[in-house]
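Novice: task: produce atomic coordinates for the following.
(one chain, ligands or ions: 1)
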Amino acid sequence: MSAFWHPFADMGAVDGHEVIIDRGEGIYVFDEQGRRYLDATASLWYCNVGYGRKEIVTAAAAQMEKLHAYHTFGDFATRSAIEVAEKIASVAPVPASKVFLTSGGSDSVDSAAKLARRYFHLTGQPDRTVFIAREWGYHGTHAFGTSLAGMAPNKEGYGDLIGDVVVVPWDSVEAVEKVIEQIGPERVAGIICEPVVGAGGVRFPPAGYLTGVRDAIRAAGALFIADEVVTGFGRVGAWFASNRFDLEPDLLTFAKGATSGYLPLGGVIAAPWIAEPFWEGGVMWRHGYTYSGHSTAAAAALANFEILEREDILAHVLQLESALAAALAPLAHHPLVTEIRSGLGLLAAVQIDPEAIDADPGLPARAFRAIREAGAITRAVGGGGLQVSPPLIITSEQLNEMVSAFSTGLDAVNV
Ligand SMILES: Cc1ncc(COP(=O)(O)O)c(C=O)c1O
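Specialist: Below is the predicted model:
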């Protein structure tokens, strides 16, 4: 028994059965018993450049020796905070964007939602407070992210959450148009949208969905907020999914892959037209975190970006996109599998038969444990899909090794 309370865990079941991960190397992690696992989830979607990158460690250590951190409230800044914001702005989907830094995805969602409402308050439309969110959506666990969640169990038991949130089906432009009409366009602040739904099951948008929603929300005079906490920094073969789909979001939230998880860092990219009223003078946005622009996290991000660029990892991901689909295809014939979702970057899900899950709700958890026994780490995401989001440096041979562990594990639970 330890004092460590795990997130998203049934502690009664976990206590005494922890899988203690001890070290990492490339696309593999090792537990304390020395067992090697191919990390098919890149931890929680974040380890884009892989484990054991000394260059990031060295950059972080050098920054720590000089100045581990200094706050950035008011007129304070550090060089690494400025440089990381500049770099992110230079690859942002909208030129001349501004970058507000946080410590993670939930911080970023909270910041973006507050910024959207504050923007309308500042520009003379204080009644625009309503957010549209999507079924299956996951936006972290702060108060705003919980309120914007599209999975009901994540909202249960907290009493009144943040008001003025409407949840619509995840895949219908018409549903968004209809709800805008019902609420009244003049009351809508924006929609928050994962370009590819992540924790809700790895669900790819229907063709035309993202631009359709973006156009509908713009027509209402409201903001398109792309939550790219999962899809940012190479996961879909571009800096952001918004670049790949030409979305030009008003606000974009990021985290995870920004540092490949070497240190916690997140943020919000604000299109210039959103930033402008806050930057023209005379306005203070009373928001920010102690670690906004943390110097060492910023240094780690800069080293991470250097690796992404030097090793041309975005192009590698594009090249492997069809190889991932081809490697996973045979699993579609497995009796427990009804669908493989793939086709964009190194992101996919192996859907366990929903009828089998109805009959046996413990099945997805048993499946991911059996796959772990077979040497690859996955996990069950929304609706019983098994997550596939390996480090972006995986090779096509290693994709086959990953699929073979999935296959062995699925066979083991299909008894
Ligand atoms: C799309 C999305 N938004 C926000 C978050 C929250 O990020 P964090 O856990 O870093 O707070 C997550 C985390 O998985 C996410 O997937």
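Novice: can you name the residues that contact the closest residue to the ligand within the stretch 251-400 of the chain?
Specialist: Here the residue of the stretch 251-400 of the chain nearest the ligand is Ala255; by Cβ to the nearest ligand atom that distance is 4.6 Å. Every C-beta, even on glycine, is put in place using the N, C-alpha and C of the backbone. With contact taken as Cβ atoms under 8 Å, 6 or more residues apart in numbering, Ala255 is in contact with 46, 102, 104-105, 107-108, 229, 232, 264-267.
Novice: among those, which one has the most neighbours?
Specialist: Neighbour counts for these (other Cβ atoms under 10 Å) peak at Gly232, which has 33 neighbours.
Novice: separation between that residue and the ligand?
Specialist: Separation of Gly232 from the ligand (Cβ to the nearest ligand atom, to the nearest Å) stands at 10 Å.
Novice: and the closest residue to that residue other than its chain neighbours, what are its bridge partners?
Specialist: Distances taken as Cβ to Cβ, 6 or more residues apart in numbering place Phe254 nearest to Gly232, at 4.3 Å, with adjacent residues excluded. The partner list for Phe254 in beta bridges (DSSP bridges) reads Gly267.
Novice: wait, Phe254 sits on Gly267?
Specialist: Yes. Contact criterion Cβ atoms under 8 Å: Phe254 and Gly267 qualify, at 5.6 Å.
Novice: overlap in contacts of these two?
Specialist: Shared contacts of Phe254 and Gly267 (Cβ under 8 Å, 6+ apart): 88, 108.
Novice: now do the helices in the stretch 101-250 of the chain.
Specialist: Per DSSP state H, counting those that start in this stretch, the stretch 101-250 of the chain carries helices over the ranges 105-122, 143-147, 173-183, 209-219, 241-245.
Novice: could I get the ones you listed as TSV with distance to the ligand and mean pLDDT?
Specialist: Below are the helices of the stretch 101-250 of the chain laid out as TSV (distance: least, Cβ to the nearest ligand atom, whole Å; pLDDT from 0 to 100):
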stretch	distance to the ligand	mean pLDDT
helix 105-122	2	98
helix 143-147	6	98
helix 173-183	18	98
helix 209-219	14	98
helix 241-245	11	97
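Novice: export the ones you listed to JSON lines and tack on distance to Ala325?
Specialist: Listed next are the helices of the stretch 101-250 of the chain as JSON lines, based on distance: least, Cβ to Cβ, whole Å:
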{"stretch": "helix 105-122", "distance to Ala325": "27"}
{"stretch": "helix 143-147", "distance to Ala325": "31"}
{"stretch": "helix 173-183", "distance to Ala325": "26"}
{"stretch": "helix 209-219", "distance to Ala325": "20"}
{"stretch": "helix 241-245", "distance to Ala325": "16"}
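Novice: and Ala13, which of the ones you listed is closest to it?
Specialist: helix 143-147 (23.3 Å; Cβ to Cβ).
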